[in-house]
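Trainee: Curious how this folds, go ahead:
(one chain, ligands or ions: 1)
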Amino acid sequence: MKRQITVLSVIIMLFTLLPFAALEAEARNPSAQAFDNRIIKQIDVDNIYDHVYHLSENIGPRVYGTEAELETVEYLADQFESYGYTDVEIQPFPARNTTAYNVVATKYPNNRNMDSGQILIVGAHHDTVPGSPGANDDASGTGVMLELARVMANAPTDTEIRFVAFGAEEIGLVGSRYYANNMTQDEVDRTVGMFQLDMVGSRDAGDLIMFTVDGQQNTVTDLAASAGARVSQNEIPPFSMLGRSDHVPFYERGIPAALFIHTPLEPWYHTPEDTIDKISIEKLEDVARIVGAAVYHAARPDTPALERSQVAPQPVDYYYEDPNL
Ligand SMILES: [Zn+2]
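Mentor: Below is the predicted model of the structure:
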């Protein structure tokens, strides 16, 4: 009897440990790690912090249609150009009774023989509500997006990556809707994932969650969960269901999309207290590593096209968590 119990408990233990063993196997896989390191070792969180500081402290509230928006847009375009991007577009669009702007930098595949034909989008929003410096909402996401654009500028890729800072998010996703609605059907068909970074640096918010509009896992959450298992010190981010950010218009066009955000939200959300002193360097860095590794996994040249990839993201267990805002 005792022996049987022992055998049984060993079996139970084996089954309990299996997922961890799988994770460890992938974490130890030297080629996976080398590819991740190509990106994450270059991420300098001081750069992200400097962007958050400049946007929230030097510029301050960045309401659509204001001088502050123009200053922001100019800063973003200057940053992209300083990383070597030659295709940087300032895209005007109508927003209520005025004009607002998206800023788009495109990284093309390194050569024509190495083009999967696929597109990835990494987004954040550069505007704020009136009166809020928006250090976390969403200078944090904008700063991470800029740093990922910098580290990927010269990385070998076979996939087009578009880095987009959306305007007028706070009045109803106006910039992202304009952008998504102006994509041709061919562009939509070729877009395999949209990563939206919105509120990813508050020390007073909860853990990282990936929200999809329909509450289902998709390519983006799979890539990021797998990347989280490889490169994050924290739990693999769970997924849940929520709209409310710039991933929505892409979902509506049939593109796999997810919002990356820490929840529950901090008490400073949409207030004048959303300031730089409440920003966590560790959180900024963790999100940059996860999303950077996920995007590069899909964009690097040994993954010719995601669906027939020989090195598909290692499936990992990640769970649905009820939205807690
Ligand atoms: Zn936001």
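Trainee: Please report how far the residue in the stretch 151-300 of the chain that the ion sits nearest to lies from Asp78.
Mentor: For the stretch 151-300 of the chain, the residue positioned closest to the ion under CB to the ion is Asp198, at a distance of 4.3 Å. All C-beta spots, glycine's among them, are computed from the backbone N, C-alpha and C. Using CB to CB, to the nearest Å, Asp198 is found at 23 Å from Asp78.
Trainee: and the stretch 151-300 of the chain, which of its residues are near the ion?
Mentor: Asp198 (CB under 5 Å from the ion).
Trainee: again, only using 6 Å
Mentor: Glu169, Asp198, Met199 (CB under 6 Å from the ion).
Trainee: and the last one, that's in a helix?
Mentor: Which is Met199. No. Under DSSP: H, G, I helix; E, B strand; the rest coil, Met199 sits outside any helix and is assigned coil.
Trainee: State the distance from it to His270.
Mentor: 10 Å.
Trainee: and if you look at the first one?
Mentor: Here Glu169 is placed at a distance of 12 Å from His270 (CB to CB).
Trainee: picking that back up, common neighbours of Met199 and His270, please.
Mentor: Taking CB atoms under 8 Å, 6 or more residues apart in numbering as the criterion, Met199 and His270 both touch Asp137.
Trainee: neighbour count winner among those two?
Mentor: Met199 (28 against 15; other CB atoms under 10 Å).
Trainee: pLDDT wise, what is that one at?
Mentor: On the pLDDT scale, Met199 is placed at 98.
Trainee: Likewise for Leu325?
Mentor: Note on Leu325: pLDDT of 81.
Trainee: Tell me how many other residues crowd it.
Mentor: 12.
Trainee: mind starting the numbering at 25 from now?
Mentor: With 25 as the first residue, the last one maps to Leu349.
Trainee: That one is in contact with Glu290, isn't it?
Mentor: No. Assessed by CB atoms under 8 Å, Leu349 is found out of contact with Glu290, at 10.9 Å.
Trainee: Now the common contact residues for those two.
Mentor: Joint contacts of Leu349 and Glu290 (CB under 8 Å, 6+ apart) do not exist.
Trainee: which residues touch stretch 341-349?
Mentor: Contacts for stretch 341-349 (CB under 8 Å, 6+ apart): 43, 230, 233, 235, 239, 241, 245, 249, 252, 260-266, 287-289.
Trainee: Can you tell me how far the nearest residue to the residue of the stretch 175-324 of the chain closest to the ion once chain neighbours are set aside is from Asn206?
Mentor: Once flanking residues are discounted, Asp222 sits nearest to Ser269: 4.5 Å by CB to CB, 6 or more residues apart in numbering. Ser269 sits 19 Å away from Asn206, going by CB to CB.
Trainee: what are the ranges of the helices in the stretch 75-224 of the chain?
Mentor: According to DSSP state H, counting those that start in this stretch, the stretch 75-224 of the chain carries its helices in the segments 91-106, 165-176, 198-205, 209-214.
Trainee: Distance from the longest strand seen in the chain to the middle of the chain?
Mentor: Across the chain, the strand with the greatest residue count (assigned by DSSP state E) is strand 122-131. Put simply, strand 122-131 sits 17 Å off its chain's centre (CA atoms, centre = their mean, to the nearest Å).
Trainee: Each with direction, which strands does it pair with?
Mentor: Sheet pairing here is set by DSSP bridges, and for strand 122-131 it gives strand 112-119 (antiparallel), strand 184-190 (antiparallel).
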